[in-house]
Every structure is written in C-alpha cells, then in structure tokens.
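In: sequence first, predicted coordinates after that:
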2 protein chains.
Amino acid sequence: MDAYTKTRRTTLKRAHERGSYDRATVHAVLDEALICHVAFLLDGAPAVIPTAHWREGDVLYIHGSSASRAIRALEDGSPASIAVTLTDGLVLARSGYNHSMDYRSVVIYGTARKVADEADKLATLQTFMEKVAPGRWDELRAPNAQEMKATTVLAFDLKEVSAKVRDKGVEDDPEDMDEPVWAGVVPVRRSFGAPEPDPQLATDIALPGYLKDYKGPV
Amino acid sequence: MDAYTKTRRTTLKRAHERGSYDRATVHAVLDEALICHVAFLLDGAPAVIPTAHWREGDVLYIHGSSASRAIRALEDGSPASIAVTLTDGLVLARSGYNHSMDYRSVVIYGTARKVADEADKLATLQTFMEKVAPGRWDELRAPNAQEMKATTVLAFDLKEVSAKVRDKGVEDDPEDMDEPVWAGVVPVRRSFGAPEPDPQLATDIALPGYLKDYKGPV
C-alpha cells in the first residue's frame, strides 16, 4: 500500500491540492525532522509539548521520563495528535492576503502503545540514536536497568495520518500582478554549527566521523 | 509585573530549574519564532496544527481562514494550548541516557478571543507584517473587504504561560566522565537563503531593504 487511508479528520477542508496521503511523502517529512509537537488531554483540556521523535516503518516513536505528565497521560490512553512541521520559505506576495509560507507538515491522530518489551525498547532506542548520530550507539556504554526504567517509549501506529505540502512560491491574484512591490520567496535554512566539545572532554578523543559535516535531522 | 503567575498546569513536575515565568524570557521566545503549534479540541479529541503567530504586549495572535476547522473550533471556545519551540543544540553526552537538547520553549494555555473590531484587526495584521518584513505593509495595497472577511484573527491573553529553557550543554553522571566517547554540543542554526524573486517580477523592482541580509523570525 503506497498511501494512507483518508479519514474525516485527515481530509483537508481547504487548499485540497496541498494534501497528501502518500506514504513516502509522510515518511520523508517525519524522517527529516528532529522534533514533533504532541497534543494530549490534561484534565480534559488539550496540552501540547515539543519532543524528539523517530520512525520505523509505519510507527512513530517518542520517549520521555516515565514520570512526565505528558508521557503518563499518553500511556493512560489519552487521544493524541502529533504534528511535524518543516518550514521551507517565506512567501511574499503582491497583496498582504496572499502572503504565505512554503512548508511540509504531517499531522497524526492516534493513541499511544507503550513499548513494554525490554529488548524491543532497547532496539528502538538504538534506532533513535542511529537517526541522530549513526554509529554512536556502539560507542556508548549500554543503558543500565535504572535508566531503562526511568525512560518510557511510546509508539503511535501511522494509520490516521496526512501530509500537507506547499511548495509553489508566490501565487497572486491576476489583478495584483502590476502592484509595484517586490514578490518572491525567502528560503528558510536549517543547519548545524561546528560541534563544540564539552570543556571536560579528554584531549585524546577526536571528533567522530558522524559529526563531520553533520547533516542530521533538524 | 515581571513574571507570570504559576498555575498547576504550568508548574514543571521535573527539571524545575528549566522553568521560567519571567515575562521577558517568554516574550523573547515568542518573538524569535515564526510559527507555533496550536492544540484544540476536534470532536472531543486533541488536534494540533502549525501556524504563524505574533505578539503585542501580553497577547499572542494567530490568524487563518475563517473557514478553517481549527479557527472555527478555537473561535467557538475550544480550550487551547500553544507551544513555541526553538531548538538550540544537540547535546551528545557520555551515556545514551544523558543525551538531550538545548532549547527554549513556551507553552500557553487559554481560550481564544476573536478580534472583531475591523480597525483592531487591521492594526494587528500590520503588526504581524512588521514582525516578518518591517516596512512592507506600507508598500502593499490595503486589504479589501472580502479579504478581511475571509481572515479571522484570534487573540490569546498571556496569563497561563511558562517558558522552559535548557542551555547547559553536556551534563553527565560523575561515573561516566571517563567513558571514551566524544561529548559536546552540535549547535542548531536557523537562517535564510538569498531571496528568490518571483519569475514574473517586473525587472525594475529592486530587492527591498528589509530583505537584505534578512534576519527575521524563523
């Protein structure tokens, strides 16, 4: 199956041409981004927090302190919505009204499953580390029992999910084309600065290969 | 008053030292960021979407199509939560467990007020434009009645709000300090590329000053 099934909630009401249910499009946005925003219910009202995420196949994962309010609410079955957003450009049109942004975003609806099996949990935490710093997992000591217990990993099946993509730059109304104002796109760039070693780092430890010209998710 | 009042929801349960209710800290995060994530209720379940925001004093504003599901739910009084997140660095510690991020974030709880007065609405839309492209508002034709009608502006009073800031880089457990692995921070950079004129832009329209070496919110 190359596309997710539309539901009422994931069917765009406006700008339908921006909607995508294509699996590859959804996965690409999730994989390029480091963080998502997770909404859940806290005493019946929505709450939203940022957190890192990673993906394996049709499952999105997040992790957090087992004591966290958000993790507990999600673990207890709160309905959830997760947004992942990559901004690509400011679109400056010839009217204020047609100003916009180019972006790629994904919205997921669902309920969390706790990853209870210790081996599964360890394996997916390794997947997370591989997303951020490929090869680093093998350089680190293994997590100890207390660390594993203090960390909860939650899985969200990608079932009710859609992407939204705007990439068309300036789109003005015909009657505005002669407005004497600059129009165009200012591209948004995400990148990384040079890695800054911890002041206490031993002098004989070199920068690892995976951090040279680092281009990880951001 | 230089600080917002803590509530149960805005009191951090863990990592208390990261919490801030300082007005200037909250405002700085909101002003540096271009987009927020707004959570609201859709048929009783949380939904979350990205959108641009701006601030005037102790009020955060968003806008959108008057036909949008999110705008309608918020306008109808859905309880809302808004998160604004700036990621500053990947923190690579000497154990997997102590990996983290440096970041600045704000979470707001509240209910929207619709900006109904046309003059107020126009004025705050100008404030939004000034945040993104100072001076551009005066170069654009005024919005027409249909455009104003199609746009809803919502205001959220900053009352129940907190910031969370992590900026301490690597923090390892003492027993891990001799682990033979690189530790440090990879700084996250947000910036803009060179403005790309619309292919149909008249050749006699020069790049405006506010887009030269552009450093707007992102």
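Out: Received the coordinates, thanks.
In: wait, is residue A:124 part of a helix?
Out: Yes: assessed with DSSP: H, G, I helix; E, B strand; the rest coil, residue A:124 lies in a helix.
In: count the neighbours of it for me.
Out: 19 (other C-beta atoms under 10 Å in any protein chain shown). All C-beta spots, glycine's among them, are computed from the backbone N, C-alpha and C.
In: would you confirm that it contacts residue A:62?
Out: No: using C-beta atoms under 8 Å, residue A:124 is not in contact with residue A:62; the gap is 10.6 Å.
In: next, show the common contact partners of those two.
Out: Here residue A:124 and residue A:62 have residue A:153 as joint contacts, going by C-beta atoms under 8 Å, 6 or more residues apart in numbering or on different chains.
In: report the angle between the axes of the longest strand that chain A contains and strand B:80-92?
Out: For chain A, the longest strand by residue count, based on DSSP state E, is strand A:80-92. Taking axes from the mean of the first three to the mean of the last three C-alpha atoms, to 10 degrees, one finds strand A:80-92 and strand B:80-92 inclined to each other by 90 degrees.
In: so how far is strand A:80-92 from its chain's centroid?
Out: Distance of strand A:80-92 from its chain centroid, counting by C-alpha atoms, centre = their mean, to the nearest Å, is 10 Å.
In: just the C-alpha atoms of that strand, please, in PDB.
Out: Taking C-alpha atoms only, strand A:80-92 is exported to PDB below (Å, rounded to 0.1, in the frame of the first residue of the first chain):
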ATOM      1  CA  ALA A  80      -3.300  12.200  20.800                       C
ATOM      2  CA  SER A  81      -2.400  14.300  17.800                       C
ATOM      3  CA  ILE A  82       1.100  14.800  16.600                       C
ATOM      4  CA  ALA A  83       2.400  17.500  14.200                       C
ATOM      5  CA  VAL A  84       5.700  17.600  12.400                       C
ATOM      6  CA  THR A  85       6.500  20.800  10.600                       C
ATOM      7  CA  LEU A  86       9.300  21.800   8.300                       C
ATOM      8  CA  THR A  87       9.200  25.400   7.100                       C
ATOM      9  CA  ASP A  88      10.800  26.000   3.700                       C
ATOM     10  CA  GLY A  89      10.200  29.600   2.800                       C
ATOM     11  CA  LEU A  90       8.500  32.900   3.400                       C
ATOM     12  CA  VAL A  91       6.300  33.700   0.500                       C
ATOM     13  CA  LEU A  92       6.000  37.400   0.000                       C
END
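In: sheet-wise, list the partners of it with their directions.
Out: Here strand A:80-92 has these sheet partners by DSSP bridges: strand A:35-42 (antiparallel), strand A:100-110 (antiparallel), strand A:184-192 (antiparallel).
In: quick one: closest of those to residue A:200.
Out: Closest to residue A:200 of the strands paired with strand A:80-92 is strand A:184-192 (C-beta to C-beta; 21.8 Å).
In: for stretch A:172-191, how far is the first residue from the last?
Out: 31 Å (C-alpha to C-alpha, to the nearest Å).
In: how far off centre is it?
Out: With C-alpha atoms, centre = their mean, you get 28 Å for stretch A:172-191.
In: quick check: which of the strands paired with strand A:80-92 is buried the most?
Out: strand A:35-42 (a mean of 26; mean count of other C-beta atoms under 10 Å in any protein chain shown).
In: what is the subsequent helix or strand relative to it?
Out: strand A:45-52 (DSSP states H and E).
In: ok so, going back, now tabulate the strands paired with strand A:80-92 in CSV and tack on mean pLDDT.
Out: Below are the strands paired with strand A:80-92 laid out as CSV (pLDDT from 0 to 100):
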stretch, mean pLDDT
strand A:35-42, 98
strand A:100-110, 98
strand A:184-192, 97
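In: quick one: the strands in chain A, in order.
Out: Going by DSSP E, chain A shows strands at A:19-20, A:35-42, A:45-52, A:54-56, A:59-65, A:80-92, A:100-110, A:113-114, A:151-157, A:160-166, A:184-192, A:196-197.
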